[in-house]
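> here is a sequence with its predicted model. Questions after.
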Amino acid sequence: MPSLFDPIRLGDIAAPNRILMAPLTRGRATREHVPTPIMAEYYAQRAGAGLIISEATGISRQGTGWPYAPGLWTAEQARGWQTVTEAVHAAGGRIVAQLWHMGRLVHPSFLGGAAPVSASVTTGPGNAHTYAGRAPYEPARALRADEIPALLDDYRRAAAHAMQAGFDGVQLHAANGYLIDQFLRDNSNFRTDAYGGPIENRIRLLREATQALVDEIGAGRVSVRLSPNGDSQGANDSQPALLFPAAAAMLSTLGIAFLELREPGFDGTFGKAEVPAVAPLIRQAFAGPLVLNSDYDQPRAQAALDAGQADAIAFGRPFLANPDLPRRFAEGLGLNEGNPATWYSQGPQGYTDYPKAA
């Protein structure tokens with residue numbers, strides 16, 4: 001079986017190791033969602049990853065509801081990202097853009113007071129992050145079927161901007177209770193049209209969005225992220241062991257570069273609910289490279305490769321505080337501790353000031 005340090009082919013991308021950097025929201029763009037120079041420094045520091053998956057990046061103003069999150073719907077945003085990709089490539093790295101529509105988790109304050117959109121008329125649980133502080137989510141309206149072509153155009157435009165900006169590919173964010181996930185799961189999708197009801201209908205938007213990206217930039221540069229079980233920001237499903245393998249089988253037919261899964265941690269919980277692992281069923285259904293992300297440490301990650309459960313592992317929080325994480329793993333070096341208080345703050349503290357190993 002391969003080690004974490006062996007190369008892997010992810011579609012059109014040749015990754016020198018199997019230690020991927022997971023998407024990590026950091027809130028360092030401008031209020032116009034334009035990437036900033038400090039972001040170029042941050043990502044270049046982490047270019048030793050086999051592949052960097054960028055922080056979630058909005059495809060439209062309608063889909064973006066996180067303070068200081070970056071976007072890819074304007075030429076100015078693409079130019080900002082170009083500075084980032086050039087820095088990563090100069091440092092020897094590879095980076096793909098994660099494309100994001102938050103659906104019902106966009107607070108109306110980001111939309112001039114308009115309601116967010118979702119699969120159905122529902123409300124996200126808890127409070128949103130806004131520029132004015134935490135505020136309760138408000139009810140979403142159901143996205144009309146005649147609005148879906150424009151949504152798919154937003155995905156295409158964002159992918160085109162990503163390639164213009166120098167990214168090596170894109171990842172469709174279809175996880176974590178955001179828009180695509182809201183369509184997938186039966187506790188947030190109550191539609192009676194072609195996008196609701198049976199599983200084959202609920203995976204339709206995932207298929208159409210992925211196909212739009214494939215048509216725009218080629219299957220070898222497209223990946224997808226799913227979170228295949230448990231409650232995720234209020235989105236849940238009564239039959240995840242049926243839903244997600246069906247979604248994976250469909251994605252397999254499209255020939256995408258890889259599929260990344262975010263599952264519960266090793267305590268077997270997602271929040272407070274115990275859920276069985278769905279990844280083994282997805283492994284059987286998806287023919288391409290499978291990347292797992294479940295709060296792995298190095299020994300557990302290697303064990304997953306040894307057992308044939310995955311082809312690569314995406315690490316999130318360890319990369320926040322350890323820009324040279326692959327080297328630390330390879331040389332058995334200790335890890336820096338991260339500071340959650342600076343995860344979403346602006347400026348270099350807790351962002352670009354974590355030291356590399358001596």
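Here it is on my side, so go on.
> the one helix or strand R207 maps to: which residues count as buried?
The secondary structure element spanning R207 is helix 204-217 (assigned by DSSP states H and E). Neighbour-count burial for helix 204-217 flags 204-206, 208-214, 216-217 (criterion: 16 or more other Cβ atoms under 10 Å). Every residue, glycine included, has its C-beta placed from N, CA and C.
> give me the helices and strands touching that helix, please.
Helices and strands touching helix 204-217, by 3 or more Cβ pairs under 8 Å, 6 or more residues apart in numbering; DSSP states H and E, are helix 148-164, strand 170-173, helix 179-184, strand 222-226, helix 240-254.
> and the contacts of it?
99, 148, 151-153, 155-156, 159-160, 162-163, 169-170, 172, 174, 180, 183-184, 194-195, 222, 224, 247, 250-251, 254-256 (Cβ atoms under 8 Å, 6 or more residues apart in numbering).
> mind doing that once more with 7 Å?
148, 152, 155-156, 159-160, 163, 170, 172, 174, 180, 183-184, 194-195, 222, 224, 247, 250-251, 254, 256 (Cβ atoms under 7 Å, 6 or more residues apart in numbering).
> out of those residues, which are buried?
Buried members of the contacts of helix 204-217, scored by 16+ other Cβ under 10 Å, are 148, 152, 155-156, 159-160, 163, 170, 172, 174, 180, 183-184, 195, 222, 224, 247, 250-251, 256.
> count of neighbours near D193?
As a burial measure, D193 scores 11 neighbours (other Cβ atoms under 10 Å).
> next: T192.
T192: 9 neighbours (other Cβ under 10 Å).
> the closest residue to A235 other than its chain neighbours and F5, how far apart?
Distances taken as Cβ to Cβ, 6 or more residues apart in numbering place G177 nearest to A235, at 3.8 Å, with adjacent residues excluded. From G177 over to F5 the distance is 34 Å, taken as Cβ to Cβ, to the nearest Å.
> okay, the two: which has more neighbours?
Legend: neighbour count by other Cβ under 10 Å for G177 and F5, higher for G177 (23 against 14).
> so where's the protein shaky on pLDDT?
Within the chain, the ranges that satisfy pLDDT under 70 run 265-275.
> hey, where'd the helices end up in it?
37-45, 75-90, 148-164, 179-184, 199-202, 204-217, 240-254, 279-285, 298-306, 317-321, 325-331 (DSSP state H).
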